[in-house]
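Enquirer: Quick one: sequence plus predicted model below, questions after.
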Amino acid sequence: DNIDFAEDEKKCPQERSALKEFYEAANGREWSNNTGWLHPYESSCIWHGVYCDEENNTLGLDLRNNGLSGILSKEIASLLKLQFLDLSDNKIQGSVPSEIGNLSELLRLRLSYNELTGTM
């Protein structure tokens, strides 16, 4: 029997799923440093560039100059407590998802020096 915990909030929190989508969309396997990312038995809070509070809410992503490419996934907007997002100095393409505008806690957004198009 295959057991799938993808829909179990305790075993697979929504934030972890959003980070997994982000990783895959930004070609995470090719990053300069992807230490810990997608480890099945570790908290996403120990993944390189992920910063959390005491309750394991994702507060920040600092992945500047880390070889990210691909696109910026709209799933990033599922990180409701996100306060800072620094993805500068990478090769992310496409447009910035409008859903980022829904991150009411976001204080700092750095997307400079990528290959993004469109307006914000």
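Expert: Received, thanks. All of these numbers come straight from a predicted model, not from anything done at the bench. Residues are numbered from 1 along each chain as shown.
Enquirer: Could you check how many residues crowd around L107?
Expert: By other Cβ atoms under 10 Å, 11 other residues sit near L107. For the C-beta atoms, the positions are set from N, CA and C on the backbone; glycine is no exception.
Enquirer: Might one say that it is in contact with L85?
Expert: No - using Cβ atoms under 8 Å, L107 is not in contact with L85; the gap is 9.6 Å.
Enquirer: and the longest strand along the chain, what's its mean pLDDT?
Expert: As assigned by DSSP state E, the longest strand anywhere in the chain is strand 58-62. For strand 58-62, the mean per-residue pLDDT is 97.
Enquirer: start the count at 27, not 1, going forward
Expert: Got it, the first residue is 27 from now on, which makes the last one we talked about strand 84-88.
Enquirer: partners of it in the sheet?
Expert: strand 76-78 (antiparallel), strand 110-112 (parallel) (DSSP bridges).
Enquirer: I'd like to know which of those is closest to L129.
Expert: Shortest distance between L129 and these, using Cβ to Cβ, is found for strand 110-112: 8.0 Å.
Enquirer: Distance from the closest one to the middle of the chain?
Expert: Relative to its parent chain, strand 110-112 has a centroid offset of 9 Å by Cα atoms, centre = their mean, to the nearest Å.
Enquirer: After that strand, which helix or strand is next?
Expert: Using DSSP states H and E, the helix or strand that follows strand 110-112 in sequence is strand 119-121.
Enquirer: And the contacts of that following strand?
Expert: Residues outside strand 119-121 that contact it (Cβ atoms under 8 Å, 6 or more residues apart in numbering): S95, G96, I97, L98, N140, E141, L142, T143, G144.
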